[in-house]
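A.B. asks: Generate coordinates for the sequence data below:
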Amino acid sequence: MSSPRKPRLIGLNHVAIEVGDIGEALEFYERIFEFTLRNRFETMAWIDLGDQFIALSASSPLPPDADRHFGLVVDSKEETRRAMAAAGVDALAGRGLRFRDPWGNQVEIVDYRDVQFTKSSAVLAGMGIEDVAKTEEALDELRGKGLIDED
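C.D. replies: Okay, here's the model as predicted:
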């Protein structure tokens, strides 16, 4: 008897993060990022990321952890750095661009051009994002996994 087929992981639909207050969280993230709010209730809010989303959940967040984090892909890491500075949000020491929100969630900022993560041209167009060509290093990662079609 053969074992049943295991489902294959193919992506993330959303990430849920705990915040102390939905209104305060939306104000905080809006100081740094441009985004579309999908929906909002007293204890939950959903921020669209094209074909994915982030769920904000009002609760008693866990204490900050040194390594636990999530990564957000942006269309410009340098614009994010400037927006963080303008919002009074300090970058964390170390490699890359990271910060903590007021509830201790550690956020890593990743430039779309630099990573193998990709969105279809239709999704990018629907998000109003243009001219975000991948770096050769990111393209090499995609090629190495057979994930891009270069006809």
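
A.B. asks: quick one: least confident helix or strand in the chain?
C.D. replies: The weakest-scoring helix or strand in the chain, judged by mean pLDDT, DSSP states H and E, is helix 121-126 (a mean of 88).

A.B. asks: What residues sit buried inside that helix?
C.D. replies: Neighbour counts over helix 121-126 (16 or more other Cβ atoms under 10 Å) mark L124 as buried. Yep, even glycine has a C-beta here, placed from its N, CA and C like the rest.

A.B. asks: Show me what secondary structure element comes after that helix.
C.D. replies: helix 136-144 (DSSP states H and E).

A.B. asks: Give the other helices and strands that that next one contacts.
C.D. replies: Applying 3 or more Cβ pairs under 8 Å, 6 or more residues apart in numbering; DSSP states H and E, we find helix 136-144 packed against no helix or strand.

A.B. asks: circling back: show me the contact partners of the least confident helix or strand of the chain.
C.D. replies: Helix 121-126 has contacts (Cβ atoms under 8 Å, 6 or more residues apart in numbering) with 50-51, 130, 132.

A.B. asks: Just the buried ones from those residues?
C.D. replies: G50.

A.B. asks: out of the contacts of helix 121-126, what pair is the most spread apart?
C.D. replies: Across the contacts of helix 121-126, the two members that end up farthest from each other (Cβ to Cβ) are D51 and E130, 17.0 Å apart.

A.B. asks: State the distance from the nearest residue to E130 once chain neighbours are set aside to K134.
C.D. replies: Taking Cβ to Cβ, 6 or more residues apart in numbering, and ignoring the residues beside it in sequence, E130 has L124 as its nearest neighbour in space, at 7.3 Å. Spatial separation of L124 from K134 under the definition Cβ to Cβ, to the nearest Å is 12 Å.

A.B. asks: Then T118?
C.D. replies: With distances defined as Cβ to Cβ, the gap from T118 to K134 amounts to 7 Å.

A.B. asks: what do you get for I47?
C.D. replies: Distance, I47 to K134, using Cβ to Cβ: 24 Å.

A.B. asks: Understood, closing this out.
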